[in-house]
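Enquirer: What shape does this take:
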Amino acid sequence: SEMCIRDSFWIGSRRFRQRMSELFPDPEGPQMTSTSPFSTRSEIPLSTWNSPYHLWTSLISISDIDSSFLVDFHPGRPGAATRTADGTFPGIPFQHNRNSMNREAAIAPYSSLCYRFCTSFEPKPQEIVMALFTKEESLAYHEEPRPGKLEVLPVKPCFTQKDLSMAYSPGVANACLAIADDPSLANAYTGRGNLVAVVSNGTAVLGLGNIGPLAGKPVMEGKSVLFKAFADVNAYDINLALTDPDKIIEVVKALEPTFGGINLEDIKAPECFYIEEVLKKEMNIPVFHDDQHGTAIISGAGLINALEITGKKAEDFIVVVSGAGAAAIACAKFYTELGIDPANIRMFDSKGILHKGRTDLNKYKAQFALSEDMTMTEALKGADLFLGLSKKDLLTPDMIKGMADHPVIFACANPDPEIAYPLAMETRPDCIMGTGRTDFPNQINNLSGFPYIFRGALDVYATEINEAMKLAAARALAALAKEPVPAEVSAAYQGQTFS
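Expert: This is a model prediction of the structure:
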């Protein structure tokens, strides 16, 4: 599982770039050509098409992402030892490299108005990346040409009497009986093995707070779209009108026959910790709370490279964390796995630093309570890393002036960070700065992680996403940041070069 998670970040952006060049063609430039699944990344001709989907960030990005051919790396997987001449693997329950683009092209004229709309659209890539949008444009995007961002498409032909008799009665009975005799065959005869549920109750949606499951549905649909677009993982949103953690657990457990993995999303702390803990123990499929672990993995990759750049030792690193919610606590725990001394983590919530004199701390916060009380300014004196998962403009220039040489500032509040990027760079030119925004370098974005983590986990039929797999993902991301940046990424940034 660790190897597959690592490989899922290393394979390159081959399939994604090919897919995007089909959807958004450059009529004046050559189209990307497909090559054998055994080809290395260096054998893939780069299109002159300027990709509107920029994935680079210098510390923590996947500069060349794809998990298209993971099965190549795992001959021990059932059916994966022998590839046929057409590039498929007979006997594999599902294949990420199953020529899905050809399948989509074949069925699009029959069932996907959205596909036809997209393929007839010729955008100017730089305008897509850089231009702002109006509220009206955003709403129109969600409403037209049909409401929402998801649809269900058949992956088998359903045109003849024979097709229909196999898709449903009576032919479907053969698949049912086979699964009844051997439940593992569900991955061979259904889409379960490549299907993830995005589960939320809408109690902690992005920067919007507790807006409820219905208002949160556009976010969960969007998350499902990202799973599909970036890693070819089918995902669907499950929005629950529930706040009782035990009832949420009961419902999600009942979904196990349908889904191959569970992505928990936008559930407030501390309930989210309890829900994930119980589900991981009681379910036999991967359960992953992206708000916690996705943020931890991506920022952890940045931490790995920051330690290398500054030449400092992890055990000596002093970390100040602004925020004590799900992401903050998960990041702090993950950093200890990377070598940070827990005694050197100074965590703040809205009431101040977590310390042992406070009586209002839940058990999740209490594990990071220090013996000493101090202000944020005091905590930052001599600190090596500031991790912001709180609110905008919380960090002042005077605060970061007192940080150690070459401070690391991860100001991740969205849409506005704890300190503005230009202000931080002006105040501390020696700092290593990352934000959650797309318009500044070093974006810390969970999209760099969750699709590929699930891709790797599903491909090896993992029953959980454990700490070793998360560490493998962070290290793979850190290594990828040192890879050459593809030409189309530079083109998307008006010809800038990155190192």
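Enquirer: contacting residues around residue 175?
Expert: 189, 190 (Cβ atoms under 8 Å, 6 or more residues apart in numbering). For the C-beta atoms, the positions are set from N, CA and C on the backbone; glycine is no exception.
Enquirer: Output the helix or strand containing it as CSV, restricted to C-alpha atoms.
Expert: Per DSSP states H and E: residue 175 is located in helix 172-181. The C-alpha coordinates for helix 172-181 follow below in CSV (Å, rounded to 0.1, in the frame of the first residue of the first chain):
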residue,chain,number,x,y,z
VAL,A,172,-27.6,-9.6,-14.1
ALA,A,173,-28.5,-12.6,-12.0
ASN,A,174,-25.2,-14.3,-12.9
ALA,A,175,-23.2,-11.5,-11.4
CYS,A,176,-25.4,-11.4,-8.3
LEU,A,177,-24.9,-15.2,-7.7
ALA,A,178,-21.2,-15.0,-8.3
ILE,A,179,-20.8,-12.2,-5.7
ALA,A,180,-23.0,-14.1,-3.3
ASP,A,181,-20.6,-17.0,-3.5
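Enquirer: Show me what counts as buried in that helix.
Expert: residue 179 (16 or more other Cβ atoms under 10 Å).
Enquirer: Check stretch 246-257 too.
Expert: 248, 249, 252, 256.
Enquirer: Can you read off the backbone torsions of the nearest residue to residue 313 once chain neighbours are set aside?
Expert: Excluding the flanking residues, the one nearest residue 313 by Cβ to Cβ, 6 or more residues apart in numbering is residue 307, at 7.4 Å. Backbone geometry at residue 307, expressed as degrees, to the nearest 10, gives phi -60, psi -40.
Enquirer: confidence score at residue 472?
Expert: pLDDT recorded at residue 472 is 95.
Enquirer: Tell me, how many residues neighbour it?
Expert: 23 (other Cβ atoms under 10 Å).
Enquirer: before we move on, which element is it in?
Expert: Residue 472 belongs to helix 467-480 when assigned by DSSP H and E.
Enquirer: Same check on residue 455?
Expert: Following DSSP H and E, one finds residue 455 within helix 450-459.
Enquirer: Show me how far that helix is from its chain's centre.
Expert: Offset of helix 450-459 from its chain centre (Cα atoms, centre = their mean, to the nearest Å): 9 Å.
Enquirer: cool, stretch 404-420 as well?
Expert: 21 Å.
Enquirer: Alpha carbons of that stretch, as CSV, please.
Expert: C-alpha atoms of stretch 404-420 as CSV (Å, rounded to 0.1, in the frame of the first residue of the first chain):
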residue,chain,number,x,y,z
ALA,A,404,14.2,32.6,13.7
ASP,A,405,16.4,33.0,10.7
HIS,A,406,14.8,31.7,7.5
PRO,A,407,11.3,31.3,9.1
VAL,A,408,8.7,29.1,7.4
ILE,A,409,5.3,30.7,7.2
PHE,A,410,2.4,28.6,6.1
ALA,A,411,-0.6,31.0,6.2
CYS,A,412,-3.4,28.8,5.0
ALA,A,413,-6.6,30.7,6.0
ASN,A,414,-8.9,31.0,2.9
PRO,A,415,-9.6,33.1,1.0
ASP,A,416,-7.3,35.6,2.9
PRO,A,417,-4.3,34.3,4.7
GLU,A,418,-3.2,35.2,8.3
ILE,A,419,-0.7,37.6,6.7
ALA,A,420,-0.6,38.8,3.1
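Enquirer: Distance from stretch 336-354 to the middle of the chain?
Expert: That offset, for stretch 336-354, works out to 24 Å (Cα atoms, centre = their mean).
Enquirer: And for stretch 347-355?
Expert: With Cα atoms, centre = their mean, you get 28 Å for stretch 347-355.
Enquirer: same thing with stretch 324-338?
Expert: 17 Å.
Enquirer: now the strands for the stretch 151-300 of the chain?
Expert: Using DSSP state E, counting those that start in this stretch, the strands of the stretch 151-300 of the chain run over residues 195-200, 234-239, 261-264, 287-289.
Enquirer: For residue 377, which of those strands is the nearest?
Expert: strand 287-289 (32.1 Å; Cβ to Cβ).
Enquirer: who does the closest one touch, helix- and strand-wise?
Expert: strand 261-264, helix 271-282, helix 450-459 (3 or more Cβ pairs under 8 Å, 6 or more residues apart in numbering; DSSP states H and E).
Enquirer: rerun at 10 Å
Expert: Other helices and strands packing on strand 287-289, by 3 or more Cβ pairs under 10 Å, 6 or more residues apart in numbering; DSSP states H and E, are strand 195-200, strand 261-264, helix 271-282, helix 326-337, helix 450-459.
Enquirer: Please identify the deepest-packed of those.
Expert: With neighbours taken as mean count of other Cβ atoms under 10 Å, those reach their highest mean count in helix 450-459, at a mean of 28.
Enquirer: So which other helices or strands are in contact with that one?
Expert: Looks like helix 450-459 contacts helix 2-10, strand 195-200, helix 212-231, strand 234-239, strand 261-264, strand 287-289, helix 290-310, helix 467-480 (3+ Cβ pairs under 10 Å, 6+ apart).
Enquirer: repeat that with 7 Å
Expert: Counting contacts by 3 or more Cβ pairs under 7 Å, 6 or more residues apart in numbering; DSSP states H and E, helix 450-459 is packed against helix 2-10, helix 212-231, strand 261-264.
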